[in-house]
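Give the three-dimensional model of this entry:
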Amino acid sequence: MSTIDFIENHRSIRKYKKKNIDPKILEKILSAGTRASTSGNMQAYSIIVTTEPSLKQKLLPLHFNQEMVVEAPALITFCGDFHRMRRWLEQRQAPANFDNFMSFMIATIDATLVSQNVALAAEGEGLGVCYLGTTLANCENIGDALNLPPHVIPVVGFAIGYPDEVPDKRDRLPLEAIVHHETYQDYTNVEILNMYARKEKTGWERYNSLPELKKLIEKEGVTNLAQIYTKVKYTKSSHHQYSNTVLNYLQAQQFMENG
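Residues are numbered from 1 along each chain as shown. Now for the predicted structure:
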């Protein structure tokens, strides 16, 4: 398949075959990942590959008990990393910069770009992945488990392995909802509802097909997909909590030294 075909056929894989990834294949896709664009060619990221069952078991509750963390043969965590570069700067008598919020953002973008390259390369080799939003939401505890030094933050990660399922593709918003030409073109209320109409139907059906989520939906008395997102899955209080986790960890990891 062409690259576009791989992209168009992407699915998040949560069930994996009990088959390890050949180290040569893993090295191949990680090498392809490092060809991602990177700010100033600094490559302000590190990639941590976890295959040890005991460590994956330790990471399981930190990823909110998502079973693919231990069922997939590997878990890959992409970290924003200025620790390595600062060590190099020190040895070359250069100013020890990159200890501020802008540096964190640069490292975050670098880590995210390389993660997508690795994901595409993996799918090209017949592997599947499932991204884990818990990587950033619980960055402090995951960082501790992975022994991250100062100036390193876990940003994004995914389970990876050979798929043992072929889930339906998730719907996406129509292109006209996403793409703006020349400048941002705001929407009318009717346009917004039309753009989300299909997602509202399929998303509502999917979440109600999951027993645990269905119980929460009924408990909260929600009646549409928008309410599922804001009253069940991504509440205001939970995002405040995660925001504080990230900000506190940025401080602890010395990314807020200069504001």
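
C-alpha from now on. contacts and neighbour counts both.
Noted.

those helices in the protein, which residues are they?
Ranges of helices in the chain, per DSSP state H, are 3-8, 23-33, 53-62, 68-71, 83-91, 101-124, 134-137, 139-145, 175-178, 189-208, 211-220, 225-227, 236-252.

For stretch 251-258, buried residues please.
Neighbour-count burial for stretch 251-258 flags 251, 253, 254, 255, 256 (criterion: 16 or more other C-alpha atoms under 10 Å).

how about stretch 123-139: buried residues?
For stretch 123-139, the neighbour count (16+ other C-alpha under 10 Å) marks 123-124, 127-132, 134-139 as buried.

Give me the contact list for that stretch.
Contacts to stretch 123-139, defined as C-alpha atoms under 8 Å, 6 or more residues apart in numbering, come from residues 6, 11-14, 25, 62-64, 77, 119, 122, 142, 153-163, 242-243, 245-246, 249.

again, only this time at 7 Å
Identification of contacts with stretch 123-139 by C-alpha atoms under 7 Å, 6 or more residues apart in numbering yields 6, 12-14, 62-63, 119, 122, 153-163, 242, 246.

mind giving me the domain split of this protein?
The chain breaks down into these domains under automatic domain parsing: 3-167+239-252, 175-236.

wait, what's in contact with the residue nearest to the spatial centre of the chain?
Nearest to the geometric centre of the chain sits residue 156, at 3.8 Å (C-alpha atoms, centre = their mean). If you count contacts by C-alpha under 7 Å, 6+ apart, residue 156 has them with 77, 78, 79, 112, 132, 133, 135, 136.

Quick check: it vs residue 79, distance?
Distance of residue 156 to residue 79, computed by C-alpha to C-alpha, to the nearest Å: 7 Å.

ok, back up a step: out of the buried residues of stretch 123-139, flag the one nearest to residue 236.
Nearest to residue 236 among those, counting by C-alpha to C-alpha, is residue 137 at 13.6 Å.

and among the domains of the chain, the most buried is which?
Stretch with highest mean neighbour count among these: domain 3-167+239-252 (a mean of 18; mean count of other C-alpha atoms under 10 Å).

can you give me the end-to-end distance of it?
End-to-end span of domain 3-167+239-252 (C-alpha to C-alpha): 40 Å.

Pull up the per-residue confidence for the residue of the chain positioned farthest from its centre.
Residue farthest from the centre of the chain, counting by C-alpha atoms, centre = their mean, is residue 93 at 35.3 Å. pLDDT for residue 93: 97.

list the contacts for it?
If you count contacts by C-alpha under 7 Å, 6+ apart, residue 93 has none.

gap between it and residue 150?
In this structure, residue 93 and residue 150 are 20 Å apart, going by C-alpha to C-alpha.

So for stretch 17-28, mean pLDDT?
Computed over stretch 17-28, the average pLDDT equals 98.

next one: it to chain centre, how far?
Mean-position distance between stretch 17-28 and its chain equals 21 Å (C-alpha atoms, centre = their mean, to the nearest Å).

Numbering from 4 from now on, please.
That works, and once the first residue is 4, the last one we named lands at stretch 20-31.

ok, residues contacting stretch 12-20?
The contact list for stretch 12-20 (C-alpha under 7 Å, 6+ apart) reads 71, 74-75, 131-133, 164-168, 170, 172.

For those, work out which two are farthest apart.
Spatial extent of those (C-alpha to C-alpha) is set by the pair 74 and 172 at 21.6 Å.

Next up, the contacts around the closest residue to residue 119 other than its chain neighbours.
For residue 119, ignoring the flanking residues on the chain, the nearest one in space by C-alpha to C-alpha, 6 or more residues apart in numbering is residue 36 at 7.6 Å. Applying C-alpha under 7 Å, 6+ apart, we find residue 36 in contact with 117, 118, 120, 121.
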